[in-house]
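*Asks:* Take this sequence and fold it.
(one chain, ligands or ions: 2)
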Amino acid sequence: MTQHEAARRPNRLPTTQYDYDELIHEDRVHQSLYTDPGLFREEMRKVFGAVWVYLAHESQIPKNNDFVTSKLGLRPIIVVRDNAGTIRALYNRCTHRGATICRQPSGSARSFSCPYHGWSYFNTGQLSGVPWPEGYGCDFSDPKYNLAQVPRVASYRGFIFGTLNPDAPSLENYLGPVRRPLDEWLDRHPGGKVAFCDANRLKFRGNWKLLYDNSCDGYHVIFSHRSLLAMENRLVAGNTPEKGMAFYKNSPDDGPVYLKYFGNGHHFKDKRATVEKRPGALWEIEGPHPGMERYEAALRARLGENADAVLDLASSEPVNINVFPNLHILGNHVQVSQPLSVSETDTTWWGTAVVDEKDALYGEVDAVNALRMRTQESFPNFGEVDDLMNFEGIQAGLAAEEDEWVYMHRGLDVPGRITTDADGVITGPSTDEVFLRETYKYYRQLMTAEPDIAITREVAHE
Ligand code: FES
Ligand SMILES: [Fe+2]
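*Replies:* Ligands and ions are numbered 1, 2, ... in the order given. Reported below is the predicted structural model:
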């Protein structure tokens with residue numbers, strides 16, 4: 001049984017000291033959105049406290065008692081599948097004097113013991129014991145001593161989200177139409193699922209929104225990722241199609257690549273039309289991964305005509321699916337961002353593996369997953385660093401505080417560039433900034449409201 005508690009703002013702070021209508025316009029936003037520590041603190045409440053935030057993937061905690069640590073905004077969280085199989089998001093914060101109780105990134109534990117003074121908690125969040133209790137005059141069965149937890153935790157096809165906002169819509173409604181590309185991305189894998197494997201962890205000296213702003217940006221690719229494009233195409237000869245992101249070299253706004261804005265800050269870049277629809281086409285367009293040739297040759301020798309479809313599963317699906325505020329799916333990878341401060345952000349690139357319970361891959365699942373891991377060497381290593389350098393460059397540039405505005409008006413007021421469906425989904429050409437403008441409209445809506453943040457605590461069974 002759980003008990004809800006409303007969270008109170010410390011010292012009854014005024015809701016805001018900022019005029020968000022002054023700071024956020026359709027064509028531009030104020031630099032202080034990226035540099036003001038007070039505004040960042042409000043975001044941790046009004047953005048990360050109000051919406052569904054991605055926390056972890058079910059494949060990271062397959063068995064009861066498995067856990068993984070995460071963050072909800074700045075709040076340290078333990079995502080655990082408890083002793084009875086319920087997925088919970090516990091605050092990683094001792095109810096004694098506030099220390100984190102779990103300092104491992106993942107593992108299996110029926111209980112957590114605080115390293116400071118040894119208070120212990122079951123993985124349901126309930127306090128299980130304190131050292132030398134005779135020194136206390138209180139009743140430790142009071143739920144206030146149990147760990148705080150995120151009141152609403154839900155999964156969408158393996159992706160676990162949590163929200164502190166009792167008034168938030170259901171997770172399915174929050175995701176809305178972004179579920180469609182997410183479903184398509186999952187459905188190309190056997191059984192319609194993937195498992196997370198290991199990760200590439202990075203940190204940059206920039207605001208968390210810089211990463212989100214860039215996640216659907218097709219305008220920068222040809223300039224910022226010049227060396228990656230050159231590397232991907234170094235061995236291309238004759239009639240072989242150009243590889244990787246070469247599409248952006250021509251007139252990208254006239255091509256088949258488009259972006260969509262789905263509402264609630266979610267957006268999508270679809271590059272699939274640049275790949276022919278036949279087995280093997282996706283594998284052919286992959287950039288070179290030295291050392292993979294022998295795997296490919298061995299797979300072709302063993303599988304014959306079935307090899308092409310199997311190799312496609314080792315290739316990166318050319319989509320960017322961005323779920324506000326912190327989840328991105330790119331190729332075979334899942335990128336998660338976590339703010340650290342107004343000017344520092346963690347970002348993690350998870351590799352994903354195929355799970356082949358019905359042997360759709362003719363016994364070759366390990367070879368496919370070995371090849372998939374090698375795709376971490378491409379964009380996550382050679383492309384992401386280009387982006388992080390831009391984010392750090394922007395953060396440095398925005399220190400010039402009297403030069404106030406950041407523009408995002410590419411496509412605005414240009415007739416015929418952008419269409420809106422009957423259901424409100426917006427479609428634009430690949431280098432348009434309409435996804436940014438729409439995301440900041442949603443952001444302004446969040447920042448001008450005050451969510452009723454709540455936490456829960458487990459109550460002892462009678
Ligand atoms: S802070 Fe955890 S036991 Fe004291
Ligand atoms: Fe990029």
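*Asks:* switch to C-alpha atoms for all contacts and neighbour counts from now on
*Replies:* OK.
*Asks:* wait, isn't Phe112 in contact with Tyr121?
*Replies:* Yes - taking contacts as C-alpha atoms under 8 Å, Phe112 lies within contact range of Tyr121: 5.3 Å.
*Asks:* interface residues of this protein facing ligand 1?
*Replies:* Residues of the chain found near ligand 1, taking C-alpha under 6 Å from any ligand atom as the criterion, are Cys94, His96, Arg97, Gly98, Ala99, Cys114, Tyr116, His117, Gly118, Trp119.
*Asks:* Next, the fourth one: secondary structure please.
*Replies:* Gly98 carries the three-state label coil when classified by DSSP: H, G, I helix; E, B strand; the rest coil.
*Asks:* I'd like the distance between it and Tyr145.
*Replies:* 11 Å (C-alpha to C-alpha, to the nearest Å).
*Asks:* between those two, which one's more packed in?
*Replies:* Tyr145 (21 against 11; other C-alpha atoms under 10 Å).
*Asks:* Model confidence for Gly287, exactly?
*Replies:* On the pLDDT scale, Gly287 is placed at 77.
*Asks:* could you list every residue that touches the residue in the stretch 301-450 of the chain that ligand 1 sits nearest to?
*Replies:* Scanning the stretch 301-450 of the chain for proximity to ligand 1 using C-alpha to the nearest ligand atom identifies Leu340 as nearest, at 22.1 Å. Each residue near Leu340 by C-alpha atoms under 8 Å, 6 or more residues apart in numbering is listed here: Leu74, Asp346.
*Asks:* Secondary structure element for it, which one?
*Replies:* strand 333-341 (DSSP states H and E).
*Asks:* Name the residue closest to the centre of the protein, please.
*Replies:* Leu327 (1.6 Å; C-alpha atoms, centre = their mean).
*Asks:* what pairs with that residue across the strands?
*Replies:* Using DSSP bridges, the beta-bridge partners of Leu327 come out as Val323, Val336.
*Asks:* So it is in contact with Val334, correct?
*Replies:* Yes - counting by C-alpha under 8 Å, Val334 is a contact partner of Leu327 at 7.3 Å.
*Asks:* any idea where the strands of the stretch 301-450 of the chain begin and end?
*Replies:* In the stretch 301-450 of the chain, the strands defined using DSSP state E, counting those that start in this stretch lie at 319-323, 327-330, 333-341, 344-354, 405-407, 419-420, 426-429.
*Asks:* Check the offset of the last one from the chain's centre.
*Replies:* The chain centroid and the centroid of strand 426-429 are separated by 22 Å under C-alpha atoms, centre = their mean, to the nearest Å.
*Asks:* Strand partners (parallel or antiparallel) of that strand?
*Replies:* Strand pairing (DSSP bridges) places strand 426-429 next to strand 258-263 (antiparallel), strand 419-420 (antiparallel).
*Asks:* And the residue of the chain positioned farthest from its centre, how close does it get to Ala50?
*Replies:* Distance from the centre of the chain peaks at Glu134, with 46.2 Å (C-alpha atoms, centre = their mean). Distance of Glu134 to Ala50, given as C-alpha to C-alpha: 41 Å.
*Asks:* still on that earlier bit, Gly192: which of the strands paired with strand 426-429 is closest?
*Replies:* Proximity to Gly192 (C-alpha to C-alpha) singles out strand 258-263 among the strands paired with strand 426-429, at 22.6 Å.
*Asks:* who touches the closest one?
*Replies:* Strand 258-263 is contacted by residues 176-178, 216, 267-271, 424-430, 432, 434-435, 438-439, 442 when judged by C-alpha under 8 Å, 6+ apart.
*Asks:* Over to stretch 436-450?
*Replies:* Residues contacting stretch 436-450 (C-alpha under 8 Å, 6+ apart): 15, 20-21, 24, 26-27, 42-43, 46-47, 50, 213, 261, 263-266, 408-409.
*Asks:* Repeat the analysis, applying 6 Å as the threshold.
*Replies:* Glu26, Lys46, Gly265 (C-alpha atoms under 6 Å, 6 or more residues apart in numbering).
*Asks:* what do you get for stretch 51-66?
*Replies:* The contact list for stretch 51-66 (C-alpha under 6 Å, 6+ apart) reads 67, 80-83, 85, 107-110, 158-163, 195.
*Asks:* again, but for stretch 20-28
*Replies:* Val29, His30, Val406, Tyr407, Met408, His409, Arg437.
*Asks:* which intervals of this structure have sub-threshold pLDDT?
*Replies:* By pLDDT under 70, the low-scoring segments of the chain are 1, 7-14, 237-241, 461-462.
*Asks:* Which parts of it belong to which domain?
*Replies:* 52-164, 177-447 (automatic domain parsing).
*Asks:* Quick one: the ones you listed as JSON lines, columns for distance to Pro37 too.
*Replies:* Shown next, in JSON lines, are the domains of the chain (distance: least, C-alpha to C-alpha, whole Å):
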{"stretch": "domain 52-164", "distance to Pro37": "13"}
{"stretch": "domain 177-447", "distance to Pro37": "6"}
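*Asks:* With respect to His4, which of those domains lies nearest?
*Replies:* domain 52-164 (7.4 Å).
*Asks:* just the strands paired with strand 426-429: most buried one?
*Replies:* strand 258-263 (a mean of 24; mean count of other C-alpha atoms under 10 Å).
*Asks:* Just after that one, pick out the following helix or strand.
*Replies:* Following strand 258-263 in sequence order, the next helix or strand is strand 266-270 (DSSP H and E).
*Asks:* Which elements pack onto the helix or strand just after that next one?
*Replies:* Elements were assigned by DSSP H and E; along the chain past strand 266-270, the next helix or strand is helix 281-285. Packing partners of helix 281-285 (3 or more C-alpha pairs under 6 Å, 6 or more residues apart in numbering; DSSP states H and E): helix 307-312.
*Asks:* Tell me which residues are up against the helix it packs on.
*Replies:* Pro279, Gly280, Leu282, Trp283, Arg300.
*Asks:* Could you find the closest non-adjacent residue to Leu33?
*Replies:* Leu39 (6.8 Å; C-alpha to C-alpha, 6 or more residues apart in numbering).
*Asks:* And the helices in the stretch 1-150 of the chain?
*Replies:* 20-23, 32-35, 37-46 (DSSP state H, counting those that start in this stretch).
*Asks:* Out of those helices, the one nearest Met231 is which?
*Replies:* Using C-alpha to C-alpha, those put helix 32-35 closest to Met231, at 33.0 Å.
*Asks:* Name the surrounding residues that touch that closest one.
*Replies:* Contacts to helix 32-35, defined as C-alpha under 6 Å, 6+ apart, come from residues Asn207.
*Asks:* Now do the buried residues in that helix.
*Replies:* The neighbour-count check on helix 32-35 (16 or more other C-alpha atoms under 10 Å) flags Ser32, Leu33, Tyr34, Thr35 as buried.
*Asks:* Now Ser155: closest residue in space that isn't a chain neighbour?
*Replies:* Ser155 sits nearest to Phe161 (C-alpha to C-alpha, 6+ apart), 6.0 Å away.
*Asks:* Quick check: what element follows the helix or strand harbouring that neighbour along the chain?
*Replies:* Here Phe161 sits within strand 159-163, counting by DSSP H and E. Sequence order places helix 171-175 as the next helix or strand after strand 159-163, per DSSP H and E.
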